[in-house]
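Engineer: here is the input, now give the coordinates:
(2 chains)
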Amino acid sequence: MKEHSVFQFVNDARVRGILAQVALLAFAVFCIGWLVSNTAQNFEDQDKSLGFGFLVQAAGFQIAPTLGTWLFDYEAGVSTYWDVYFIGIVNTLLVAALGVVAATIIGFLMGVMRLSQNLILRSFATVYVEVLRNIPLLLQLFFWYFTVLRALPDKRGKVELLPGVVSVNLEGLFLPYPIWQSGAGVAGVIMLVALGAIWAVNRRSQQRQLLTGHPLPFWRIAGGILLGALAVIWLSVGVPFEWSLPVFKETGPILRRGFQGDTAIVVIPEMLAVWFALTLYTAAFIAEIVRSGIMAVSKGQSEASVAMGMTRGQTLRLVVIPQALRVIIPPLTSQYLNLTKNSSLAVAIAYPELVSIFAGTAMNNVGKEIEMVGMMMCVYLTFSLLTSFFMNWFNKRAMLVER
Amino acid sequence: MAKKSDIVFVREKDAPLLAPPLLESGAFGWFRQNILSTMNDFSSVGGAVRSLIMAAATLFIFYYSVNILWALIDFTLIEAVWSNPQGLKRELCTTALAGGVQHDGWHGACWPLIFAKIKFLTYGAYPFEELWRVNLAGVILIAGLVALMFERMPYRIHIGLFMLVIYPFLAFALLYGLGDWAGLPFVYTYDWGGILVTLVVALTGIVVSLPLGIALALGRQSKMPVIRGFCTIFIEFWRGIPLITVLFMASVALPLFLPKGVNIDNLLRALIGVTLFASAYMAEVIRGGLQAIDKGQYEAGTALGLNYWKNMRLIILPQALTYVIPGIVNTFIGLFKDTTLVAIIGLFDLLGAAQAAVNDASWSTPVQAITLYIYVALFYFICCLIMSRYSMRLERKLAKTND
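Structural biologist: Have a look, this model is predicted:
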């Protein structure tokens, strides 16, 4: 009798569940304990210690000039490792943001082209997607950096993309930059006011459409406000900035020839290569997402809206695209996240982003492996957490309201 | 009622068949339907503008596609150097101006470079007299995979079991060796390289990540809070960080976590990192399949008296896995492309070996890098294309059997 009840006890699904969980927990605790004790032993043997004190030490290495070094005024031997960390984050975000914008544009274009009736556009998009999707990103990165950009003329030559304004050579892409004049502050305030007014008009227009069914002529009003604001700025303070054009010297001492420092924004070639590779690779995936999103909208929807007398543009704008976006946006966001994570491949060509300067150069200098890898992972985990928050929020908002 | 004589004409023979309208059939009709149909709307101003833009875009893309295609054919086939009778190196693929044997202005692929490096690109530094072991393992692998692709193959299940259970041990014994007593001396992994490493990393990742992914997905669906929490954190952690940080952690931080004296092989570290990373992605794909299974299936299984494991093994998983085959293959393709990242932590996979060959000064020519990259790209492109085509075929077949 007693034995029987023991069997009953062991066969009870609830008891088994609890036992399994306790076992897993014990196993996990044991593993973590084992790792921690090993680490402690290793630290003792190697005379190392855990701690974030290194963050306020000065970093003694050079970083290629990028947005991050400019924002944080980086100077080797003066700036700290804390600065290096944020320079890495800024550079990662910069190339990710540029990549997201460009990949979205190219991806949508290719996705629509894949569904075109025009054979040439359709086959071009198909070949583009199939080729770029099936070649590793790292190889594409090497291709752009080691073959395409290496074929450019050296620092004493240039290829002019926009004569006198935008040029490129082995040192990078040279862009003009604006020099703000005295009235820039006033102009900025006027522009902000104008944007605020446009936003108010947009809200008002939506409210009116809900109430009466007739929106305001929003685009005309917004255009008017914008032109008006520009006119006010021009009349009151004139043009509030001047362009500093890149200066290129072809004569003089040979070492001084080429583009002169401080006359242009220099985009380093590493950044261009990372940007091209990430953009073109991710665009191939976005194209597939867009294509399947558009195909997911049933044909009856567009036929119904045409039957109701909408024009082709209205059908697309008001019926097909809103429904396609509901399918497109969740995978699109995860592509954006992938792009951001893939920007870490830049370490292979030494573009100074997070992995490259923090987990690469800086780690070689201070050797705080655990802290630094941990800090680096925190950044990426934050990105992915933010992305999944956005996705949950969007899914709740965009879910079909079922009755 | 009209009499027969009132009728003036009665056709007694069929009218002769007319030729199909010239505008709708033949080459011109094809052209009209596939190219012109998107740019022949001149009924309104908007339509005309759209048509003209479309025509310009089509011409532009056609022109550049033909140009790129021609440049590719010219570079890889027509201008390319194929043979190297004199056993030259650098001189073979440089122009006379730079001290080579090619005429001025020559620009073509340097295939003898690939032929010279083919052993390194395929096996790395694997000792020459032991190459038969790699070849044997490769031949068995290819024969097994090809046999598994045909559904009518006799003993297909036995072949599959052999490939999954026995082959990994066999391959390990062949590649790594068992010691001199067995006639298979050890070949340490730092001598491995090229396609060998790429395939070892990819296939291990694929074979191990599938069962691990299934376990994680079931864990995440489990009702037991500890197991669910554990699996969720595990999956989200690995999915939140880029693979390169995983590999960095495996190569710099892992030694600190292990007891002194335990030294894990470099390749094995990368393998562990890649496998865990892939299994997190696999788990999410499989979870999608589990969620798509109707609740009634779970309940029916339970009502039949099946316990959890039988229910999963016999009812849920077969359906869920077939449902997500495309997702699984996509994860495999992603994993296959991601193996290139091990080049960043200093392993010589195909891309790493190619990059080492790019830096070989004795072959230093302007076309050295691009030739090697084209070869590597072709390898990945063909492998990924085969995988994706096979998954599409499988998908179509499954869709048919489900109807």
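Engineer: distance of B:Gly100 from B:Ile114?
Structural biologist: Between B:Gly100 and B:Ile114 the distance is 18 Å, computed by C-beta to C-beta, to the nearest Å. (Each C-beta comes from the backbone N, C-alpha and C, glycine too.)
Engineer: kindly report the same for A:Val355.
Structural biologist: For A:Val355 relative to B:Ile114 (C-beta to C-beta), the value is 31 Å.
Engineer: and for B:Leu17?
Structural biologist: Plainly put, B:Leu17 is 58 Å away from B:Ile114 if you go by C-beta to C-beta.
Engineer: who's more crowded, those two?
Structural biologist: Shown here are B:Leu17 and B:Ile114; by other C-beta atoms under 10 Å in any protein chain shown, B:Ile114 has more neighbours (17 against 6).
Engineer: any idea which element the more buried one lies in?
Structural biologist: Per DSSP states H and E, B:Ile114 falls inside helix B:111-123.
Engineer: over to B:Ile264?
Structural biologist: If you go by DSSP H and E, B:Ile264 is not part of any helix or strand.
Engineer: what sits against it?
Structural biologist: Contacts here follow C-beta atoms under 8 Å, 6 or more residues apart in numbering or on different chains; on that basis B:Ile264 touches B:Leu254, B:Pro255, B:Leu258, B:Ile272.
Engineer: what's the domain layout of chain B?
Structural biologist: B:48-78, B:121-126+B:187-402, B:131-184 (automatic domain parsing).
Engineer: what residues does the stretch 101-250 of chain A have near chain B?
Structural biologist: Counting by C-beta under 8 Å from any C-beta of the partner chain, the stretch 101-250 of chain A comes close to chain B at A:116-121, A:124, A:130-131, A:133-139, A:142-143, A:146-147, A:150-151.
Engineer: now, of those, which are buried?
Structural biologist: Among these, those classed as buried by 16 or more other C-beta atoms under 10 Å in any protein chain shown are A:116, A:118-121, A:124, A:133-139, A:142-143, A:146-147.
Engineer: how close does the residue nearest in space to the middle of chain A sit to B:Arg239?
Structural biologist: Centroid-nearest residue in chain A, with C-alpha atoms, centre = their mean: A:Ala96, separated by 2.5 Å. Distance, A:Ala96 to B:Arg239, using C-beta to C-beta: 17 Å.
Engineer: which parts of stretch A:83-99 are buried?
Structural biologist: Per 16+ other C-beta under 10 Å, stretch A:83-99 contains these buried residues: A:83-96, A:98-99.
Engineer: contacting residues around that stretch?
Structural biologist: A:55, A:59, A:63, A:66-69, A:71-72, A:74, A:271, A:274-275, A:278-279, A:282, A:336, A:339-340, A:343-344, A:346, A:351-358, A:362, A:375, A:379.
Engineer: which element is residue 28 on?
Structural biologist: Here I'm looking at chain A. Assessed by DSSP H and E, A:Ala28 sits inside helix A:13-45.
Engineer: correction: the question concerned chain B.
Structural biologist: Using DSSP H and E, B:Phe28 falls within helix B:26-34.
Engineer: what's that helix in contact with?
Structural biologist: Applying C-beta under 8 Å, 6+ apart, the external contacts of helix B:26-34 come out as A:Gln117, A:Asn118, A:Leu119, B:Pro20, B:Pro21, B:Leu22, B:Leu23, B:Glu24, B:Asn40.
Engineer: next secondary structure element downstream of that helix?
Structural biologist: On the C-terminal side of helix B:26-34, the closest following helix or strand by DSSP H and E is helix B:45-73.
Engineer: re earlier: quick check: mean pLDDT of the helix holding A:Ala28?
Structural biologist: Taken as a whole, helix A:13-45 has a mean pLDDT of 86.
Engineer: over to stretch A:222-233?
Structural biologist: Stretch A:222-233 shows a mean pLDDT of 90.
Engineer: roughly how far is it from the heart of the chain?
Structural biologist: Stretch A:222-233 sits 32 Å away from the centroid of its parent chain (C-alpha atoms, centre = their mean, to the nearest Å).
Engineer: swap in stretch B:80-100?
Structural biologist: 34 Å.
Engineer: same thing with stretch B:347-366?
Structural biologist: From the chain centre to the centre of stretch B:347-366 is a distance of 23 Å (C-alpha atoms, centre = their mean).
Engineer: ok, stretch A:339-353 next?
Structural biologist: For stretch A:339-353, the distance to the chain centre is 12 Å (C-alpha atoms, centre = their mean).
Engineer: do stretch A:347-359 as well
Structural biologist: Computed by C-alpha atoms, centre = their mean, the chain-centroid distance of stretch A:347-359 equals 16 Å.
Engineer: can you give me the end-to-end span of it?
Structural biologist: 9 Å (C-alpha to C-alpha, to the nearest Å).
Engineer: near chain B at all, it?
Structural biologist: Yes: against chain B, stretch A:347-359 shows contacts by C-beta under 8 Å from any C-beta at A:Val347, A:Ala348, A:Val355, A:Ala359.
Engineer: for these, which two are the farthest from each other?
Structural biologist: A:Ala348 and A:Ala359 (13.0 Å; C-beta to C-beta).
Engineer: burial measure for A:Lys396, as a count.
Structural biologist: Applying other C-beta under 10 Å, we find 8 residues neighbouring A:Lys396.
Engineer: show me what contacts it?
Structural biologist: Neighbour list for A:Lys396: empty [criterion: C-beta under 8 Å, 6+ apart].
Engineer: so how far is chain B from it?
Structural biologist: Between A:Lys396 and chain B the computed distance is 17 Å (C-beta to the nearest C-beta, to the nearest Å).
Engineer: need the mean per-residue confidence for the helix or strand hosting that residue.
Structural biologist: Using DSSP H and E, A:Lys396 falls within helix A:369-398. The average pLDDT within helix A:369-398 is 87.
Engineer: any regions of chain A where pLDDT drops low?
Structural biologist: Regions of chain A meeting the criterion pLDDT under 70 cover residues A:1-7, A:10, A:399-403.
Engineer: helices along that one, start to end?
Structural biologist: Remark: helices assigned in chain A by DSSP state H are A:2-11, A:13-45, A:67-71, A:81-114, A:119-133, A:137-142, A:184-212, A:218-237, A:269-296, A:299-307, A:312-314, A:321-342, A:363-366, A:369-398.
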